[in-house]
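Undergrad: one predicted model, sequence on top.
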Amino acid sequence: LDLRPLSLGEILDRTFSLYRSHFLLFIGIAGIPQLIVFAFQLVQITLQPLNPGSIAAFGSLGSVLLTIVAAIVGIIAYLISQAATVLAVSDLYLGRQVLLAPALQRARGHLGFLFGVICLNGLAIMGGLILLIIPGIYFACRLLVCVPAALIEERSPRESISRSWNLTRGFAGRAFMICLLFFVIAIAAATLFTFPFTLAALSALKDPATLRLWTALVDAGNRIGSILTEPILLIATAIFYYDLRVRKEAFDLQFMMDPNAAPPAGPGSVPSIL
C-alpha cells in the first residue's frame, strides 16, 4: 500500500476508486440497515388511516408507537452503517480482506460509544451554528474525523472529539472541500430519485390511497439516494484520517514496521477543547 501524504485530488481519487472496486460491499453495509428501517416506514404508512377523521384516534397510540420504534431502529441502523463502513475502509485501506457479514457483526460492538461521539459532535456543531453559521461550519470541518478516531483507535467520545480537533489543525479547508463535494452529490442524488415521485404526490393530494403510494415511493427514492451516497463521505473521511496520521505522526513508518498491528493512537497527549 502506498501510504504517503496525499493531495485533495488524490484523497478523492482513492475514495471513488475504493468505492468502485468494493461497490457491493459498501452498498450492502449501507443498504441492509436501511432496508430494515424502510420496512418499518412501510408498515407505518400502510397502517395510517385513509379517513382523516380517524387519524387522531389512531395517532394517539398506534402511530406514536410506530414512530418511536421506527426512530429507534433508524438510529441503530445509522450507527451500524457508520461503524461498519469506517472499519471496512480502514481494513481495505491497509490491505486486509473484508466481508459483508463479519463487517456488520463487528460494528455491533461499537454502537454505544459511537452514539456518544455523534451526539457530542452534533452538540458542538449545533453550538457553533447557534453562535453564527460560519463557526458551526468550522467546527464540523475540524471534527470531521472524530468517528474514525473513535472506531479505529477505540477512544471515548470526549477523546475522539479532541483527537479530531488536533489532527485537523491546519487542514480545515481540505475537510470543508470534502464535505462540500459530498453535499453536492447527496443533493443531486436526492433530487434524481425523489423529484418525480414528489411531483406525483403533490398531484394526488385529494386521493389518500394514491398519495400513500407516492409517499412510499418518495421515501424509497430518498433511501436509495442515501444508500448510494452515504458511503462516499465515510470512505473519504477514513482516508482523510489516515492521511492526517501519515502527515503528523509518520503512520506510514509505523505501519511498515508492524502491518498486522491495530492502528495505535498518536504520540503525545491529546489536547482538550472541551
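TA: Arrived safely.
Undergrad: so what touches stretch 170-189?
TA: 8, 11-12, 137-138, 140-142, 144-145, 168, 225-226, 228-230, 232-233, 236-237, 240, 244 (C-beta atoms under 8 Å, 6 or more residues apart in numbering). For glycine as for every other residue, the C-beta is placed from the backbone atoms N, C-alpha and C.
Undergrad: for that stretch, buried residues please.
TA: Across stretch 170-189, burial judged by 16 or more other C-beta atoms under 10 Å covers 171, 174-176, 178-179, 181-182, 186, 189.
Undergrad: before we move on, what about stretch 98-107?
TA: Of the residues in stretch 98-107, those buried by neighbour count under the rule 16+ other C-beta under 10 Å are 98, 100, 103-104, 106-107.
Undergrad: just the CA coordinates for stretch 65-80, please, in PDB.
TA: Taking Å, rounded to 0.1, in the frame of the first residue of the first chain, the C-alpha atoms of stretch 65-80 are listed here in PDB:
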ATOM      1  CA  LEU A  65     -45.600   3.800  19.000                       C
ATOM      2  CA  LEU A  66     -44.700   3.000  15.400                       C
ATOM      3  CA  THR A  67     -42.900   6.400  15.100                       C
ATOM      4  CA  ILE A  68     -40.900   5.700  18.300                       C
ATOM      5  CA  VAL A  69     -40.000   2.200  17.200                       C
ATOM      6  CA  ALA A  70     -39.000   3.500  13.700                       C
ATOM      7  CA  ALA A  71     -36.900   6.200  15.200                       C
ATOM      8  CA  ILE A  72     -35.000   3.800  17.500                       C
ATOM      9  CA  VAL A  73     -34.500   1.300  14.600                       C
ATOM     10  CA  GLY A  74     -33.300   4.200  12.400                       C
ATOM     11  CA  ILE A  75     -30.700   5.300  14.900                       C
ATOM     12  CA  ILE A  76     -29.400   1.800  15.400                       C
ATOM     13  CA  ALA A  77     -29.300   1.300  11.600                       C
ATOM     14  CA  TYR A  78     -27.400   4.600  11.200                       C
ATOM     15  CA  LEU A  79     -24.800   3.600  13.800                       C
ATOM     16  CA  ILE A  80     -24.300   0.200  12.300                       C
END
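Undergrad: show residues contacting it.
TA: The contact list for stretch 65-80 (C-beta under 8 Å, 6+ apart) reads 33-34, 36-37, 40-41, 43-44, 47, 104, 107-108, 110-111, 114-115, 118.
Undergrad: out of those, which end up buried?
TA: Using 16+ other C-beta under 10 Å, the buried ones in the contacts of stretch 65-80 are 33-34, 37, 40-41, 44, 104, 107, 110-111, 114-115, 118.
Undergrad: ok, Ile227 - contacts?
TA: Ile227 neighbours (C-beta under 8 Å, 6+ apart): 27, 30-31, 34.
Undergrad: hang on, I meant Phe139
TA: Counting by C-beta under 8 Å, 6+ apart, Phe139 makes contact with 124-125, 127-128.
Undergrad: just the buried members of these?
TA: 124-125, 128.
Undergrad: coming back round to it: could you identify the most distant pair in the buried ones among the contacts of stretch 65-80?
TA: Gln44 and His110 (28.4 Å; C-beta to C-beta).
Undergrad: hmm, back to that, most neighbours, which of the contacts of Ile227?
TA: Using other C-beta atoms under 10 Å as the neighbour test, the contacts of Ile227 are led by Ala30, with 25 neighbours.
Undergrad: chain neighbours aside, what residue packs nearest to that one?
TA: Distance criterion C-beta to C-beta, 6 or more residues apart in numbering; nearest residue to Ala30, sequence neighbours excluded, is Ile227 at 4.6 Å.
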